[in-house]
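>>> Below is the structure, and that's it, no one-letter string:
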């Protein structure tokens, strides 16, 4: 059961990254809220933290005295049964208005809506939907929220949601009927009579039909006002008057970005432009803060001394350099016991890894040279022209390893399959992403989640790219690794013996199985795995390891 802690007397110059730096190695942090003064928005020195379990809370309290902040007399204790903490209903406005550098949470809520629409949480503008129709609201604390989606001068959709750390939040999908201008670049005059459809989709991907409904598009006029601490966002339709929009105590007018309290000048432009500018500012600021919050820790080796940053040797063609270091493996915020628990692993040697999966064309050269049997997926002695750039599948584990060794021998290199740790580190990067591109599942980024889909040529989804530049780690086909499959220490799952570990997602896999931390297995002699391929690892020369 999750447990809440309160920290007091924290130095005022500390922010979320400082707390995570110390807490991450000893606990699984669910959320952090650093309290601020309601008037000045300055940090007060007090922070609330929720960790995964009673045991982790005890570890944090027990080990805190050995941490480097002791000189500041920081105190940590459990939150009392009758003590209010930030996620309570009374504090929602304070939390939603908190500066991003003082709030962190594993909870994400995804909205699929027309590009350039804006997502509001309890009438606070939080994110602008990108060009692919994705908007992700980050760092929500557990609780109930009202979600609105606005576009132009109109409210497109409204829904109430409930989120928690224990369950992945549902996804909200907003679609427009055919009478709406397809480009969405200009709103048609008859939009008032058009409709939008809201569909709530469960974390598992299935529709929650009880909340699916159609609603008329409502003009944001005098009677439809969204407010935030007394500051009006609406009436947006009245373009002749200026609107002061407060977001994390930033005011944006037609020319300047100013601290709250500075008088905003009248805007002669559409008021919605003001809103869009604010959201852009928020997205940029959020990205900067996210980068700071997830900045990599100092990499250490087994002797706890910093690892000297190395200059990588020349990279073999078609491969990507991946640095050594102490890396995070697994995740706890999942029902899949194979991925639990989170733990650290030291990768002693840097390496190169194929940028994409081995293609049918690559494997055909191997078959010709070694006279090995062709894989069943070809349906003959060689792949069709259409298949050449697709990843090879239906290859046994031993044949996948043999191919890697054959390729390396031809070039005077030591090549093999990557082990699980090497594969996961290459996919997650130094920021330990859940998916190659980040911590949130984004529709259309990888060739996954489509049971009726098919294998694509390698690299067909350029957004399915890891921080190190590897492609197709989330989708297309799964991949053999070097390791015997076994449970992580502390996992409650069950594993079959004499199997090899498989990583990555296939086109038909759900987003949970397309995560960087997802694990699967199969007997090594199976030659009929038509959705499993592989990529090769190249070891560095001895002087560069």
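Okay, I see it. None of these values were measured; they are calculated from a predicted model.

>>> Between the two ends of stretch 341-354, what distance do you get?
Start to finish, the residues bounding stretch 341-354 are 28 Å apart (C-alpha to C-alpha, to the nearest Å).

>>> Which positions within it qualify as buried?
Buried positions in stretch 341-354, judged by neighbour count with 16 or more other C-beta atoms under 10 Å: 341, 342, 345, 347, 350, 351, 352, 353, 354. In short, each C-beta sits where N, CA and C put it, glycine included.

>>> so which of those residues comes closest to residue 517?
Taking C-beta to C-beta as the measure, residue 517 lies nearest residue 342 of the buried residues of stretch 341-354, at 8.8 Å.

>>> Could you dump the buried residues of stretch 341-354 into JSON lines with pLDDT and distance to residue 16 added?
Converted to JSON lines, the buried residues of stretch 341-354 look like this (pLDDT from 0 to 100; distance: C-beta to C-beta, whole Å):
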{"residue": "341", "pLDDT": "90", "distance to residue 16": "23"}
{"residue": "342", "pLDDT": "89", "distance to residue 16": "18"}
{"residue": "345", "pLDDT": "90", "distance to residue 16": "25"}
{"residue": "347", "pLDDT": "93", "distance to residue 16": "27"}
{"residue": "350", "pLDDT": "94", "distance to residue 16": "30"}
{"residue": "351", "pLDDT": "96", "distance to residue 16": "32"}
{"residue": "352", "pLDDT": "96", "distance to residue 16": "34"}
{"residue": "353", "pLDDT": "97", "distance to residue 16": "31"}
{"residue": "354", "pLDDT": "97", "distance to residue 16": "36"}
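
>>> Select from those residues every entry located in strands.
Counting by DSSP state E, these place 345, 347, 351, 352, 353, 354 in strands.

>>> Quick check: nearest residue in space to the second one, chain neighbours excluded?
This means residue 347. residue 324 (4.9 Å; C-beta to C-beta, 6 or more residues apart in numbering).

>>> and the one you found, how many residues sit next to it?
Per other C-beta atoms under 10 Å, the neighbour tally for residue 324 reads 19.

>>> Please tell me how far it sits from residue 355.
19 Å (C-beta to C-beta, to the nearest Å).

>>> now do residue 422
Counting by C-beta to C-beta - residue 422 and residue 355 are separated by 15 Å.

>>> between the two, which one's more packed in?
Neighbours per residue (other C-beta under 10 Å) separate residue 422 from residue 355, with residue 422 holding more: 24 against 20.

>>> Helix, strand or coil: sort out the more buried one for me.
helix (DSSP: H, G, I helix; E, B strand; the rest coil).

>>> got the contact list for it?
322, 347, 351, 353, 537 (C-beta atoms under 8 Å, 6 or more residues apart in numbering).

>>> low-confidence ranges in the stretch 251-400 of the chain?
Across the stretch 251-400 of the chain, the ranges flagged by pLDDT under 70 are 251-312.

>>> Show me the helices in it, by range?
Taking DSSP state H, counting those that start in this stretch, the helices of the stretch 251-400 of the chain run over residues 271-293, 360-370, 397-411.

>>> what number of residues lie near residue 540?
Neighbours of residue 540 (other C-beta under 10 Å): 18.

>>> What's the per-residue pLDDT of it here?
Looking at residue 540, its pLDDT is 90.

>>> Would you agree it is in contact with residue 347?
No: under the criterion of C-beta atoms under 8 Å, residue 540 makes no contact with residue 347, lying 12.0 Å away.

>>> quick one: residue 101 is in a helix?
Yes: Residue 101: assigned to a helix according to three-state DSSP.

>>> Would you mind measuring from it to residue 125?
18 Å.

>>> do residue 471 as well
34 Å.

>>> Quick check: residue 537 touching residue 414?
No: the pair residue 537 / residue 414 is not scored as a contact, 9.2 Å apart, by C-beta under 8 Å.

>>> Name the residue in the two with the higher neighbour count.
residue 537 (23 against 14).

>>> Disregarding flanking residues, what is the spatial nearest neighbour of that one?
In space, residue 537 is closest to residue 418, 4.1 Å off (C-beta to C-beta, 6+ apart).
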